[in-house]
Structures are given as structure tokens and as C-alpha cells.
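>>> structure for the following, please:
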Amino acid sequence: MPVVDVHPDELRDLTGHDEKSDEEFKEDLFALGLEFEGETEEGAFQLEFGPDRLDRLSVEGVARSLRYQYGDSRGVYVPKTNDPDFTFVVDEDVPDQRPYVTGAIIRGVDLDEDALDSLIQLQEKLHATMGRKRAKGAIGIHDLTMLKGEVLTEESGGNSITYTGVDPDGDTFVPLDADAEMTPAEVLERHQTGQTYADLVSEYDRYPAIYDELGLFSFPPVINGRRTEVSTESRELLVELTGTDQWTIDRMCNIVCYALDARGATIEEVEVEYESGSLVRPDFEVDTKHVSHDRIETMLGVDLEPREVVDLFERSGLDANADDGADADAESDDVVYEVSIPPYRVDVLHPLDLIDDVGRAYGFNELEPRYPNVGTVGGRHERSRLEDAARNSLVGLGFEDMLNFHMTSEAEVYDRMRVEPGRSVLGGGDAAEITGPYSEDYTILRTWALPSLLMVLENNTHRAYPQDLAEIGLVAERDDSVNTRVAERRHVAGALARHDATFEDAKARLQTLCRDFGVELETPATDHPSFIDGRVASVVVDGADVGVVGEIHPAVLVEHDLELPVAAFEFDLDALR
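I've put the predicted structure just below:
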């Protein structure tokens, strides 16, 4: 989940509520769905929130939401823009893998230290989330006064920059945090930032590059040039975004523009000139969706007048009017609202998203709980009771209970565990892939749980040993024999990380666990690429092969930066029934 640093003094300044105490802000932020996670040394709040509200990745966005919550702002706000004076020319040599560009000109912005820090944080948080670590979209922000645009025509008096491709060993420039000129290839080889993002472009024949009349000044998505570095003295900015998808970079651009508008900046449009035609950006078009009054009341469980619903929409930063001829004073459940959505809201995909906004504006704490009108009595599912019993036994054996993400990446499940996809070993099944993953770190459902425990151990190398970890969680594999084509199971996994961890240690705990549930355990020798040969066995419970136990292979330990032996086991929870 994204965590954003927001200083309460900045919130007071941007909301105009100097009377608010830190504790009052924390309560108000929690009502918006932003959870307080702690404070920095400078006193800034560390706020965690759902990754859908990317417009809140900056203090400006958080303050905007608070102003709506307080009723100081209402309805959809769209910044005024000046006509374009700059043109982004997309050259035919631009790499096919990254063909899209967008941007805006920012004039009259007041960048003090706090505003600049917030802008940098927003840029990096958008890179990490919507931009998928710059792979799908990357933002460059430049001091406009340091650019020299080529005059397009004497009549237009316009300026242009060119988005094109450059040979790896072609033109040179001085990148940020450097003192010498480098070619793009040298940046990837010698510069720290270049090394970090080299994988994004290293396979390209020509690298993405942006030129003005003076030469190369940006090497997206890797690094900007030092010539156009932004400082607190900068008052006019060029914002450029490149990526693999026009919609994504346009929405990222909108969020940046709204944040700068909140600092008093004026937004100036740019013309993006593709070979197939031209676009004017930023794209501040207001989207619309529809939701019925009856559906809002049903989902929230409260009775509302249409006028109240319109008011709640406006307090959420949206506009709404009763469609099909009904006005806001109507009392009919047949009212359907046409809701206008501002350009910075990238999260509104469904009518339920609109209902969520209405609920937050109403106040979820104001909703009264009530029993559902059903003729059944709820109770614990048998699987849940089994999980709890197994979890209690593992804790009694000295394990620390873990709850890890079910989504992960192929690298974690296969490559780092020395397992080949499709191999008939535990964890080698065909993974269920996520369509349109939000992050490259979460592209599949995990096929087994041990990689998750090793990732925890990898992140805990600074903590004291021994570390005995266990998890009971979901695993999944593609299986055409089931109606969903994905077979889901619950696995029990345990790992012992200590200087004397052995196969016998893991087996002893496994035997105790099986004895607690009255099942018979056998451990015949087997082979598994994640474990040491001769120190690994199958987990056979009541005659069924359900898992594996053994000592983790040294190559897997090295891959996870672990310097102590690890003994581990994993098996199907249903074997304990």
C-alpha cells in the first residue's frame, strides 16, 4: 500500500484550517480512508491508503480531499488553461516500445522547499504505482527557462521540442547528479540511476530521447539532464511524460497538473504532434457515469432524499444531477443520477465507486449496523476451524504466524527458487496470471507458500535469530478440470532459520503437527530443486503425497541473501482433516 509523507503544517496552509490540531487531522484523514502509520523525524504524518486514490499521493491532493470533506469546496473543479505555445513533435525514430508522450507547461509556480519536496514525492509515487516503476509511464519535470525551443513558423511564433530516438553511443548530455557528459549507454553503465533503470531500455536498438534546439536534455524513462534541473528558484516548468499507453500518461499528467495548480500555478496546454495527427494536452475532459438512487440506498442501508445525494456527491468533488427529467427534490426511487467525474480521479470505474464516495461523504461511522433480513444463522466454516486449529498448533511449536500476499511474481515463485514452470514438483504448477497487473511485483497468484516465507526472511536479515516462521494461506494453479479453471487450495508452510537448522528439526515439528491431528506421517526420500539433494523428503499423510520437507538449497539461500541454514516444509492443509 502506498505511504505518503504529509506535514500537518502544510495541511493547515493548503486547507485554510489553522485551528485544526494534529489529532483532529488524524481523525479527519481516517474518515477519508487514510491511515496514520507514524511520523517522520520532521513531524510529517506517514499516511497509508488504498492505491486507487492516486490523486492523494501528494499533500496537495490530500488537502483537496479535506476541503471537500469540510464543505469548503464543492463539485467538480477543472483548472483554467492557456492556449498552447509549445509543440511536442514525435519523430518517426522514436522507439516503437515507448511511442507515446504528453505534458504541460506550468507558469508562475511558487516552489519553496516544501512544495518542491512534495512535487518530487508525487513524481516518484506515481512512478512506483501507476507508472509501474517507470515501465508504463515516466515523468520528467524541467526548468522551462533553461530550454530553447525551435521556432516552428514566423506566423505561429511557437516553440517545439522533439521526442525521438538516439543511438546508445550517440549524443551526450550531463545527467542529474553528475559533472561530466555521458552518452545514454554510459549513463546505463556508470550512473547509479541509470543502473537502476537500465532494464527498461537496454534491449532497445535506439533509446528514447527528448531534444530542444540546444540538444539532448532528457533520457526517459531513466534520467533528466542537469541543464534543466528544477530548484526552488524555478517559476516556469515543462512537464513531459513518456510511456507505453497514452491514457496512463495523460492521467498521470493530470494529477501532477492539479497538484501544481493548488500551488497557484497557471497551466498552459501543449500540442502533441504525432504522424497520425495532433493532440492538445493536458486532457482535462470531464467523464460521466450513471448510478440509481435505489442502488445507493440499498448498498449503504440508509434512506436519502435525492437532494441529499446530490449534496453528498458535491462534497466528494463530483457533480450530479437527476437524470430522466426528475429533479433533485423528487422522492422517487426511480431517480438516476448523471455524475460528472474530474480528470484527476483515475479510480472511478464503476457505479460502486460512486456509492463509496457518497458513503464516505455521509460518514461510515454514521451508518447504523443492522442484522441482514435472512433466514439463516451464520457460523464458522469447517475450513476456517481447521485453519485456526493448525495455526494454534504451529504457534505452540514456536512458529511466528505470517500473513503474506497471495499475489507475487514469476521470478519469486520460480526463478529464485530454482523451480522450472510446469515441472511436476511442489510449486512448479502453471500459475494463474493477473490480467493487466498493477505492478510487475504482483503478476501471478502464488503456486506455493514457501517463497513468501523466504522473502520475509530476506527482509529480516537485520533481526535476531532464530527466526521460525509459518503461514497457512492460499495457493493456486491453473486447472481446466475445475469450473473456474483455477484450482485453489490452502497450504501449511513453515521455515526454521537458525545456525543449526536441519532436516530433522523441520521433520520433528511436522511430526508433532500431524500427531496433534491424529494423522499418520511418512517421509520417503525425493528430489526437489529448492532443497538439498539427500536432505529432502516427500510429506506423505495417510498414504497421500501432499508436500515436501527438507533443507533449503544453498543457491536459494544466496539468492535471498541468507547466511544461515533454513529447514522448511510445506503441505496441503486438507491432509489434516
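>>> where do the strands sit along the stretch 351-500 of the chain?
Taking DSSP state E, counting those that start in this stretch as the criterion, the stretch 351-500 of the chain carries its strands at 400-402, 407-408, 444-445, 467-478, 486-497.
>>> okay if I get those as a markdown table plus distance to residue 335 and mean pLDDT?
(Each C-beta comes from the backbone N, C-alpha and C, glycine too.) A markdown table is the format used below for the strands of the stretch 351-500 of the chain (distance: least, C-beta to C-beta, whole Å; pLDDT from 0 to 100):
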| stretch | distance to residue 335 | mean pLDDT |
| --- | --- | --- |
| strand 400-402 | 48 | 96 |
| strand 407-408 | 39 | 95 |
| strand 444-445 | 41 | 96 |
| strand 467-478 | 41 | 96 |
| strand 486-497 | 40 | 96 |
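>>> residue 540 bridge partners, please.
Applying DSSP bridges to residue 540 gives these bridge partners: residue 522, residue 545.
>>> okay, now it: neighbour count?
Neighbours of residue 540 under the rule other C-beta atoms under 10 Å: 18.
>>> over to the one 5 residues further on?
Each residue near residue 545 was counted by other C-beta under 10 Å, and the total is 16.
>>> what of residue 74?
Quick note: residue 74 (other C-beta under 10 Å) scores 16 neighbours.
>>> same deal with residue 464?
By other C-beta under 10 Å, the burial measure for residue 464, its neighbour count, is 6.
>>> residue 347 now?
So residue 347, with other C-beta under 10 Å, has 17 neighbours.
>>> that one reaches residue 56, doesn't it?
No - the pair residue 347 / residue 56 is not scored as a contact, 9.9 Å apart, by C-beta atoms under 8 Å.
>>> of all the strands of the stretch 351-500 of the chain, which one is nearest residue 118?
Closest approach to residue 118 among the strands of the stretch 351-500 of the chain (C-beta to C-beta): strand 407-408, 30.2 Å.
>>> for that closest one, which strands pair with it and how are they oriented?
With DSSP bridges as the test, strand 407-408 is paired with strand 444-445 (antiparallel).
>>> residue ranges with poor pLDDT in the stretch 51-200 of the chain?
150-157 (pLDDT under 70).
>>> just the helices from it, written as ranges.
For the stretch 51-200 of the chain, applying DSSP state H, counting those that start in this stretch gives helices covering 59-70, 113-128, 184-190, 192-196.
>>> how about residue 107: what's its closest non-neighbour residue?
Leaving aside its chain neighbours, residue 107 sits nearest to residue 266 (4.6 Å; criterion: C-beta to C-beta, 6 or more residues apart in numbering).
>>> how much space separates that neighbour from residue 126?
Separation of residue 266 from residue 126 (C-beta to C-beta, to the nearest Å) stands at 22 Å.
>>> got it, and residue 134?
Distance, residue 134 to residue 126, using C-beta to C-beta: 10 Å.
>>> more crowded one of those two?
residue 126 (25 against 21).
>>> check contacts around the more buried one.
54, 57, 137, 139, 252, 255, 256 (C-beta atoms under 8 Å, 6 or more residues apart in numbering).
>>> same deal with residue 208?
94, 95, 98, 163, 165, 166, 201, 219, 220, 221, 242.
>>> which strand or helix spans it?
If you go by DSSP states H and E, residue 208 is part of strand 207-212.
>>> state the next helix or strand along the chain beyond that strand.
Heading C-terminal from strand 207-212 (DSSP H and E), you reach strand 215-219.
>>> for that following strand, which strands pair with it and how are they oriented?
strand 207-212 (antiparallel), strand 223-224 (antiparallel).
>>> out of these, nearest to residue 444?
In terms of C-beta to C-beta, the element of these nearest to residue 444 is strand 207-212, at 28.7 Å.
>>> and that closest one, C-alpha only, in PDB?
Extracted in PDB, the C-alpha atoms of strand 207-212 (Å, rounded to 0.1, in the frame of the first residue of the first chain):
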ATOM      1  CA  TYR A 207      16.900   4.800 -26.700                       C
ATOM      2  CA  PRO A 208      14.100   7.400 -26.100                       C
ATOM      3  CA  ALA A 209      15.400  10.900 -26.000                       C
ATOM      4  CA  ILE A 210      14.000  14.500 -25.900                       C
ATOM      5  CA  TYR A 211      15.700  17.400 -27.600                       C
ATOM      6  CA  ASP A 212      15.400  21.100 -27.700                       C
END
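>>> how far does it sit from its chain's centre?
Counting by C-alpha atoms, centre = their mean, to the nearest Å, strand 207-212 is centred 28 Å from the centre of its parent chain.
>>> and what of stretch 501-509?
Distance of stretch 501-509 from its chain centroid, counting by C-alpha atoms, centre = their mean, is 38 Å.
>>> show me which residues of that stretch are buried.
Neighbour-count burial for stretch 501-509 flags 501, 503, 505, 506, 507, 509 (criterion: 16 or more other C-beta atoms under 10 Å).
>>> swap in stretch 258-277?
Neighbour-count burial for stretch 258-277 flags 258-263, 265-274 (criterion: 16+ other C-beta under 10 Å).
>>> coming back round to it: which one of the contacts of residue 208 sits closest to residue 8?
Among the contacts of residue 208, and counting by C-beta to C-beta, the member closest to residue 8 is residue 221, at 33.5 Å.
>>> residue contacts, the closest residue to the closest one other than its chain neighbours?
Distances taken as C-beta to C-beta, 6+ apart place residue 138 nearest to residue 221, at 3.1 Å, with adjacent residues excluded. Contacts for residue 138 (C-beta under 8 Å, 6+ apart) come out as 127, 131, 220, 221, 241, 242, 243.
>>> switch the cut-off to 10 Å
By C-beta atoms under 10 Å, 6 or more residues apart in numbering, residue 138 lies in contact with 98, 123, 126-127, 131-132, 197, 200, 208, 218, 220-223, 240-243, 249, 252.
>>> possible to save the strands of the stretch 351-500 of the chain as JSON lines with distance to residue 363?
As requested, the strands of the stretch 351-500 of the chain are exported to JSON lines (distance: least, C-beta to C-beta, whole Å):
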{"stretch": "strand 400-402", "distance to residue 363": "34"}
{"stretch": "strand 407-408", "distance to residue 363": "32"}
{"stretch": "strand 444-445", "distance to residue 363": "36"}
{"stretch": "strand 467-478", "distance to residue 363": "34"}
{"stretch": "strand 486-497", "distance to residue 363": "37"}
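>>> would a markdown table of the buried residues of stretch 501-509 with pLDDT be doable?
Formatted as a markdown table, the buried residues of stretch 501-509 follow (pLDDT from 0 to 100):
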| residue | pLDDT |
| --- | --- |
| 501 | 96 |
| 503 | 97 |
| 505 | 96 |
| 506 | 97 |
| 507 | 97 |
| 509 | 96 |
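>>> mind checking which of these are in helices?
Here DSSP state H is the test, and these give 503, 505, 506, 507, 509 as lying in helices.
>>> wait, doesn't the fourth one sit right on residue 538?
Think residue 507. No - Residue 507 is beyond contact range of residue 538, at 11.6 Å (criterion: C-beta atoms under 10 Å).
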